[in-house]
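Visitor: sequence unavailable; structure follows:
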């Protein structure tokens with residue numbers, strides 16, 4: 001992660017609680033609340049966003065749709081899943097390696113799911129549609145749509161490309 005710039009949102013009244021020297025001890029990519037002091041670090045957006053977009057050549061990592069104009073960034077291991085981890089391990093969740101490019105639809109659907117929970121949720125949606133949705137059932141009966149046997153390890157776009165992230 002070279003050539004990244006960091007900016008800080010600091011509460012000026014609280015800087016005195018730890019002193020300017022204390023700032024040097026705080027990893028610049030962390031976001032945390034520590035008693036008297038709150039710091040939020042943001043990576044330089046353009047460089048990082050381009051790195052993430054290039055991971056799958058401007059396509060959503062989950063469905064493969066072109067996202068060159070509107071990309072959202074998804075945490076592969078969601079931040080919410082990091083609760084209870086040590087501070088060092090929580091920081092790992094905010095590294096570029098834990099980001100995937102995503103379209104808005106996939107990002108909203110994945111929410112705080114892990115990759116496997118996300119795939120299970122997609123499979124469950126297909127099951128529910130085929131069992132309970134009359135329009136979907138009719139389309140199936142008419143042969144206008146088909147449910148093919150899914151390969152669990154090939155559901156998402158990045159998996160079909162051979163990646164496992």
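Guide: Arrived safely. Everything numeric here is computed off the predicted structure, so don't read it as measured data.
Visitor: could you pull out the strands for the protein?
Guide: Along the chain, counting by DSSP state E, strands occupy 6-10, 31-34, 37-43, 72-75, 99-102.
Visitor: which other residues reach the longest helix belonging to the chain?
Guide: If you go by DSSP state H, the chain has its longest helix at helix 115-132. The contact list for helix 115-132 (CB atoms under 8 Å, 6 or more residues apart in numbering) reads 62, 76, 109-110, 113, 136-137, 140, 147, 150, 152, 155-156. Just so you know, the C-beta spots here come from the backbone N, C-alpha and C atoms, and that holds for glycine as well.
Visitor: now stretch 62-82
Guide: Applying CB under 8 Å, 6+ apart, the set of residues contacting stretch 62-82 from outside is 49, 52-53, 56, 58-61, 89-90, 93-94, 98-107, 110-115, 118, 156-158, 160, 165.
Visitor: sorry, back to before: comparing the strands of the chain by mean pLDDT, which bottoms out?
Guide: Averaged per stretch, pLDDT over those is lowest on strand 37-43, reaching a mean of 35.
Visitor: can you name the two of the contacts of helix 115-132 that sit furthest apart?
Guide: Using CB to CB, the two most remote members of these are 76 and 137, lying 34.8 Å apart.
Visitor: which parts of the longest helix of the chain are buried?
Guide: For helix 115-132, burial by neighbour count (16 or more other CB atoms under 10 Å) applies to 115, 118, 119, 122, 129.
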